[in-house]
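Novice: Quick check, what structure comes out for this input:
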Amino acid sequence: MNVEKYLGKPEQIQRIKRVFYVVLGILVLVDFFIRREHVAFVWDVIPGFNAFYGLVSAILLIIVTKFVGHTWLMKREDYYD
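Specialist: Next comes the predicted model:
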C-alpha cells in the first residue's frame, strides 16, 4: 500500500503527527483545570487519569492480541505441506 497516495509526503505526515500530539497534550492539560464536583468513581478526581488509562489499555490490547495471534492463530510455514 502506498501511504503517500493517501496522506502525502513524509514531511506532511510528520506535520500532521505533530499537530495531533499538540492537541492531545492540550487536552490533557485542560483536564487539570476542570472542576469535578460530582464524580462517580474515586479515580475520576485524578487529573489526566482517563488519558493515562486509555494509553495503558491500548498498549495492553496490542500486546495481548499479538500474543494470541502468534501463539494460537498463526500456523507454521509448512503447515499445509
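Novice: The longest helix seen in the chain - what's its average pLDDT?
Specialist: Secondary structure of the chain per DSSP state H: the longest helix is helix 10-31. Regarding helix 10-31, the rounded mean pLDDT is 91.
Novice: and the helix or strand Val68 falls within, what does it pack onto?
Specialist: Per DSSP states H and E, Val68 falls inside helix 49-68. Identification of packing neighbours for helix 49-68 by 3 or more Cβ pairs under 8 Å, 6 or more residues apart in numbering; DSSP states H and E yields helix 10-31. In this view, the C-beta of every residue, glycine as well, is placed from N, C-alpha and C.
Novice: From the chain's centroid, how far away is the helix it packs on?
Specialist: A distance of 13 Å separates the C-alpha centroid of helix 10-31 from that of its chain, computed with Cα atoms, centre = their mean, to the nearest Å.
Novice: which SS class is Val39?
Specialist: coil (DSSP: H, G, I helix; E, B strand; the rest coil).
Novice: what about Leu55, distance to Leu24?
Specialist: 10 Å (Cβ to Cβ, to the nearest Å).
Novice: list residues touching both of these two?
Specialist: Residues touching both Leu55 and Leu24 by Cβ atoms under 8 Å, 6 or more residues apart in numbering: none at all.
Novice: follow-up on the earlier one: could the C-alpha coordinates of the longest helix of the chain be exported in CSV?
Specialist: The C-alpha atoms that make up helix 10-31 are tabulated as CSV, following Å, rounded to 0.1, in the frame of the first residue of the first chain:
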residue,chain,number,x,y,z
PRO,A,10,6.6,12.1,4.7
GLU,A,11,7.1,15.7,5.7
GLN,A,12,3.4,16.2,5.6
ILE,A,13,2.8,13.1,7.7
GLN,A,14,5.2,14.3,10.3
ARG,A,15,3.5,17.7,10.4
ILE,A,16,0.1,16.0,10.9
LYS,A,17,1.5,13.9,13.7
ARG,A,18,2.9,16.9,15.5
VAL,A,19,-0.5,18.7,15.3
PHE,A,20,-2.2,15.6,16.8
TYR,A,21,0.4,15.3,19.6
VAL,A,22,0.0,19.0,20.4
VAL,A,23,-3.8,18.6,20.5
LEU,A,24,-3.5,15.6,22.8
GLY,A,25,-1.2,17.4,25.1
ILE,A,26,-3.6,20.4,25.3
LEU,A,27,-6.5,18.1,26.1
VAL,A,28,-4.5,16.5,29.0
LEU,A,29,-3.5,20.0,30.3
VAL,A,30,-7.2,21.2,30.1
ASP,A,31,-8.1,18.2,32.2
